[in-house]
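> Need coordinates for the following:
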Amino acid sequence: MSEVPFALQRLGTIMSPNPADPLEVDGVLNPATCRGRDGTLYLFPRVVAAGNFSRIGRARVRFEHDDPVGVERLGYVLEPTEGFEQNEHTAGVEDPRITYIAAIDTYVMAYAAYGPLGPRIALATSHDTQSWQRIGLAKFAYEPQYRTDFDLYVNKDALLFPEPVTDPQGRLALALIHRPDYHVQWWNPQGLSIQPAGVTEARPAMWISYVPLDAVQADLRNLQLWHHHHLLAVPEQPWEELKIGGGTPPVLTPLGWLTLYHGVAGEILPNVDHQPHVRYCAGAMILDRDDPRKVLYRSPSPILAPDSADEQQGVVDNVVFPTAVDVRANGRIEVYYGMADARIGVARLQVPAALPKVIA
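Now for the predicted structure:
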């Protein structure tokens, strides 16, 4: 076993595109997972047709000897039918993350809606994992200390905590990690960066926002409006020199909230959808149980890097992109991740007994 804390043990490729299906010609990738009420594990892949047209599918995960080995396709749960999921070139519902929140007895999906102004965070809910009801685009309350409107930004890589936490005002709240991009280019061809006041780091980074629990218990539509935005983490290491973003929904461990995130290094070319000169790796982050704005640990080096053939060659080469977890017995966690924007892999993670000594 590797000495890297939280290192992932690959179990293999679990889903690849069906070459006979035109709806999958550009890959299956970046899935959500959740356990149904019957205990079945379901996978919700982003499925991409020609022209970068993305749907969200549903599949049943197959196991052999207690290991995930494949999937049974069950169709689609979301297609880009709404105006905020379409633009003049293509359409997409992308990169879902699903969290079951017992406090509201609801599955909540956060996904990227590829609309006319670029990707935005959208939300949908379900009570059975099969039928999903859109809430719409997430809205971020204006807060004077930042002197900017977060709804101006392209935003993606969103994920929710499965349990209420305490917000900055001391109330029980649901929390959302997201990744706004300060480069507002859709109305300025030369590009314009509008950073929140007091934020000196211009590279895309991870934020956390909140919505009061009692408001959501009263009406699920209140999941749409988020408050008390806080900068959670910025790029620090060479393997994440370009940007970082959220990955897997947090899991509560004895060490705190564990979430995996992605870091990007290399060179980003302007006006290119599939970047040829980037490298996506994954790291681990531990957040405080009671105040998840506090980062207790962060990986100094990747826990997963694109080293296998399926991770190095695909629609976008050299990408590992964790987006889902399945908590098993004895502290075992299985992580589902995108491979080169073309396939889906699974790896196993064992939480260490103590927090590693390298502290962020």
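
> Over stretch 115-130, what's the mean pLDDT, rounded is fine.
Across stretch 115-130, the average pLDDT comes to 96.

> actually stretch 240-259, sorry about that
Rounded mean pLDDT across stretch 240-259 is 97.

> Pull up the distance across it, start to finish.
By CA to CA, to the nearest Å, the extent of stretch 240-259 from end to end equals 16 Å.

> list the buried ones in it?
Of the residues in stretch 240-259, 240, 242-251, 253, 255-259 count as buried by neighbour count, 16 or more other CB atoms under 10 Å. Backbone N, C-alpha and C define where each C-beta goes, glycine included.

> cool, and stretch 62-81?
Pro68, Val71, Arg73, Val77, Leu78, Glu79, Pro80.

> Spatially, which two of those residues are the most separated?
Pro68 and Pro80 (28.1 Å; CB to CB).

> so of the buried residues of stretch 240-259, which ones are in strands?
Lys243, Ile244, Gly245, Gly246, Val251, Thr253, Gly256, Trp257, Leu258, Thr259 (DSSP state E).

> Now do the contacts for the first one.
If a contact means CB atoms under 8 Å, 6 or more residues apart in numbering, then Lys243 has Arg179, Arg203, Pro204, Ala205, Pro235, Gly263, Val264 as its contacts.

> Next up, phi/psi of the second one, please.
Geometry field for Arg203 lists phi and psi as phi -70, psi 150, criterion degrees, to the nearest 10.

> Pull the contacting residues for it.
Counting by CB under 8 Å, 6+ apart, Arg203 has contacts Val234, Pro235, Leu242, Lys243.

> ok, of the residues you listed, which one's closest to Tyr100?
Closest to Tyr100, out of all of the contacts of Arg203 and judged by CB to CB, is Lys243, at 28.8 Å.

> Skipping its backbone neighbours, what lies nearest the closest one in space?
Pro204 (3.9 Å; CB to CB, 6 or more residues apart in numbering).

> still on that earlier bit, quick one: which of the ones in strands among the buried residues of stretch 240-259 is nearest Ala305?
Ile244 (14.7 Å).

> wait, what's in contact with Ala110?
Ala110 touches Pro96, Arg97, Thr99, Ile121, Ala122, Leu123, Ala138, Ala158, Leu159, Leu160, Leu176, counting by CB under 8 Å, 6+ apart.

> Same question for Val4.
Taking CB under 8 Å, 6+ apart as the test, what Val4 contacts is Ser299, Ser301, Pro302, Ile303.

> change it to 10 Å
Gly283, Ala284, Ser299, Pro300, Ser301, Pro302, Ile303, Leu304, Pro356 (CB atoms under 10 Å, 6 or more residues apart in numbering).

> helix, strand or coil for it?
Here Val4 is coil, with the state taken from DSSP: H, G, I helix; E, B strand; the rest coil.

> Quick check: Val93 touching Ile121?
No - using CB atoms under 10 Å, Val93 is not in contact with Ile121; the gap is 11.6 Å.

> Common neighbours of those two, please.
Tyr111, Ala112, Ala113.

> Going by neighbour count, which of the residues you listed comes out on top?
Of all the shared contacts of Val93 and Ile121, Tyr111 has the most neighbours under the rule other CB atoms under 10 Å, reaching 30 neighbours.

> Centre of the chain to the one helix or strand Ala122 maps to, how far?
Taking DSSP states H and E as the criterion, Ala122 maps to strand 118-126. Its chain's C-alpha centre and that of strand 118-126 lie 12 Å apart, by CA atoms, centre = their mean, to the nearest Å.
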